[in-house]
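S.K.: Predicted model, plus sequence, below.
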Amino acid sequence: MMIDFEELVIGSLLSNQGRGFGDLAISGEDFDSPWFVQAFDVMSKQFDAKAFFDVFTVCAELKDQTVRQRVCDAVMLAVYPANLHYYVSKVVEASVDRQLRLLASDLQTDVSGGVQARIDAVRAKLDKLRVAEALELPDLRWDLQMMLNDILNPKRLLPTCFEGLNSLIVGLKQSGLYVFGARPGVGKTVVGLQLAWEIARREDVLFFSLEMDKASLLNRVVAGELQITLSKIERGDLLDADRRKIQDLIRTVENKLIISDRGGQTVAQIRAYVNAVMLKRPVKAIFVDYLQLIAANNPKAPKYEQISQISIDLKNLAKEFGVPVVALAQLNRRVDQGKPDERPNASDLRDSGQIEQDADVIVMLSRKQSDADVLKDIAIGKGRNADRLSFGQKSLIVLDVVKNRHGATGWFEANFVGEFSRVKEIGFAG
């Protein structure tokens with residue numbers, strides 16, 4: 001059942017006979033329904049005149065029969081007028097979302113900063129509402145009902161393509177910040193792109209690539225999807241059968257992945273792009289590759305402060321749009337020095353401890369040798385294997401959940417198939 005919070009606001013106000021009307025952080029322009037805009041305007045005039053109104057005085061001023069009927073229906077529906085401030089918050093949040101989306105396209109071409117100032121004003125209104133809402137005594141029964149609705153609604157979780165990861169974090173939660181950290185060359189882009197591609201089979205996903213261009217990303221998608229060696233794709237050395245497979249993929253693909261490869265973007269520019277896309281597509285997840293390449297609002301500030309603010313802004317981005325944000329991140333150099341193994345810790349995230357604080361989940365990626373890799377190295381060392389280029393190869397990737405605000409930590413291994421730019425899960429260990 002769809003809940004019409006605008007109707008609940010109107011009905012609750014009339015049931016309360018206008019009590020507390022002047023304290024509400026809401027105006028007529030926050031309503032999307034023209035019927036309720038008319039009703040709220042009448043209430044405002046009557047409240048300003050005598051600080052009182054009810055369903056009869058309001059309906060007497062409404063000339064349209066349809067509007068009067070909708071107002072009467074609203075009163076019948078408002079069985080919990082004590083939750084008025086909660087209903088108001090939902091209406092204002094929806095209003096703010098509409099206004100931000102309308103401003104998004106203007107921000108793309110704005111050079112004076114005027115549009116950004118208007119966006120900041122809209123957000124300030126929402127922040128003011130939340131502060132006022134926090135001062136109200138909550139209705140515990142209603143809060144528990146909302147909690148139960150969240151638990152019973154499977155659409156609020158996005159399962160990943162790795163069962164080991166799902167076993168630990170259940171899935172990607174709305175408004176969550178997920179950080180995948182690794183050193184260069186370990187495979188964080190491969191893991192991030194594979195996660196995004198698999199989710200995009202059923203949901204719209206935005207992938208911001210600040211390091212790699214779109215063509216290079218799509219080369220990796222095609223290699224993994226069609227099992228065509230990545231080096232052959234990048235050289236253009238394709239067999240006729242390979243070309244036919246790619247053409248078939250182009251004709252039949254229904255994946256909902258949206259890639260933006262513009263470099264040097266700030267979080268504000270990323271937010272504007274998300275807003276513009278949201279006008280046309282219901283994006284359910286946002287990926288950023290990678291966090292330290294996001295441009296800072298204040299480039300003269302120390303690097304630690306820049307990254308700290310970017311981390312905070314990404315967390316706010318997830319909360320603002322109500323979707324998970326997956327940020328890939330670079331680690332400090334030589335993270336394995338003095339450690340018993342090469343698995344990095346959350347404290348190894350480069351440039352800022354703020355990332356560790358803001359993230360709901362942190363997954364550290366590292367590589368290790370398989371038993372086959374070790375045997376191959378032994379054979380090469382004894383001269384029984386001429387493939388010296390493969391000496392020291394690490395064909396396993398470890399996905400280590402080192403922080404999980406919602407559950408357990410643990411790790412699992414997967415095969416890293418570099419030639420197809422793909423990760424294939426093989427097991428899970430707690």
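M.R.: Looks like it came in fine.
S.K.: hey, let's count contacts and neighbours off CA atoms from now on
M.R.: OK.
S.K.: What separation do you get for Gln194 and Ile294?
M.R.: Going from Gln194 to Ile294 by CA to CA, to the nearest Å gives 21 Å.
S.K.: Off-centre distance for stretch 252-272?
M.R.: 12 Å (CA atoms, centre = their mean, to the nearest Å).
S.K.: what's the burial count for Pro371?
M.R.: For the record, residue 371 is Asp, not Pro. 12 (other CA atoms under 10 Å).
S.K.: And the pLDDT at it?
M.R.: At Asp371, the model reports a pLDDT of 79.
S.K.: got it, and Asp48?
M.R.: For Asp48, pLDDT reads 80.
S.K.: how about the helix or strand harbouring it: buried residues?
M.R.: Assigned by DSSP states H and E, Asp48 belongs to helix 34-50. Using 16 or more other CA atoms under 10 Å as the test for burial, helix 34-50 gives Trp35, Phe36, Val37, Gln38, Ala39, Phe40, Val42, Met43, Ser44, Gln46, Phe47.
S.K.: tell me what the helix or strand that that helix is followed by is packed against?
M.R.: Where DSSP H and E defines the elements, the next helix or strand beyond helix 34-50 is helix 55-61. With contacts taken as 3 or more CA pairs under 8 Å, 6 or more residues apart in numbering; DSSP states H and E, helix 55-61 sits against helix 34-50, helix 65-77.
S.K.: Next, the distance between the ends of stretch 191-209.
M.R.: 13 Å.
S.K.: Show me which residues of that stretch are buried.
M.R.: Quick answer for stretch 191-209 (16+ other CA under 10 Å): 191-200, 203-209.
S.K.: Touching it from outside, list them.
M.R.: Outside stretch 191-209, the residues that touch it by CA atoms under 8 Å, 6 or more residues apart in numbering are 158-161, 180, 217, 221, 254-263, 274, 281-290, 326, 328, 422-423.
S.K.: ok, now stretch 287-294?
M.R.: 189, 192, 196, 205-211, 264-267, 307, 310-311, 325-330.
S.K.: Quick check: closest non-adjacent residue to Lys214.
M.R.: Excluding the flanking residues, the one nearest Lys214 by CA to CA, 6 or more residues apart in numbering is Asp261, at 5.7 Å.
S.K.: next one: phi and psi at the one you found?
M.R.: phi -110, psi 20 (degrees, to the nearest 10).
S.K.: and it, how many neighbours?
M.R.: Neighbours of Asp261 (other CA under 10 Å): 17.
S.K.: same thing with Leu349?
M.R.: 25.
S.K.: Now it: closest residue in space, sequence neighbours ignored.
M.R.: Leu331 is the one closest to Leu349 (CA to CA, 6+ apart), at 4.6 Å.
S.K.: what sits against that neighbour?
M.R.: Counting by CA under 8 Å, 6+ apart, Leu331 has contacts Gly181, Ala182, Arg183, Asp348, Leu349, Arg350.
S.K.: Quick check on the closest residue to the second one other than its chain neighbours: phi, psi?
M.R.: With CA to CA, 6+ apart as the criterion, Ala182 has its nearest non-adjacent residue at 5.1 Å, and that residue is Leu365. Backbone torsions of Leu365, given as degrees, to the nearest 10, read phi -110, psi 140.
S.K.: same check, this time on the one 4 residues further on
M.R.: As for Gln369, its main-chain torsions (degrees, to the nearest 10) stand at phi -80, psi 140.
S.K.: hang on, Ser311 packs against Gly353?
M.R.: No: counting by CA atoms under 8 Å, Gly353 is not a contact partner of Ser311; they are 9.6 Å apart.
S.K.: In the stretch 251-400 of the chain, mark out all the helices, start to finish.
M.R.: 267-278, 303-321, 354-358, 371-381 (DSSP state H, counting those that start in this stretch).
S.K.: Report the separation between Ala49 and Met43.
M.R.: 10 Å.
S.K.: do Tyr87 as well
M.R.: 17 Å.
S.K.: With only the CA atoms kept, save stretch 83-91 in PDB.
M.R.: Taking Å, rounded to 0.1, in the frame of the first residue of the first chain, the C-alpha atoms of stretch 83-91 are listed here in PDB:
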ATOM      1  CA  ASN A  83       2.600  11.500  14.400                       C
ATOM      2  CA  LEU A  84       2.100  14.800  12.600                       C
ATOM      3  CA  HIS A  85       5.700  15.800  12.700                       C
ATOM      4  CA  TYR A  86       6.800  12.500  11.200                       C
ATOM      5  CA  TYR A  87       4.300  13.000   8.300                       C
ATOM      6  CA  VAL A  88       5.500  16.500   7.800                       C
ATOM      7  CA  SER A  89       9.100  15.300   7.600                       C
ATOM      8  CA  LYS A  90       8.200  12.900   4.800                       C
ATOM      9  CA  VAL A  91       6.400  15.500   2.800                       C
END
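S.K.: If anything else comes up later, I'll come back, but that's it for now.
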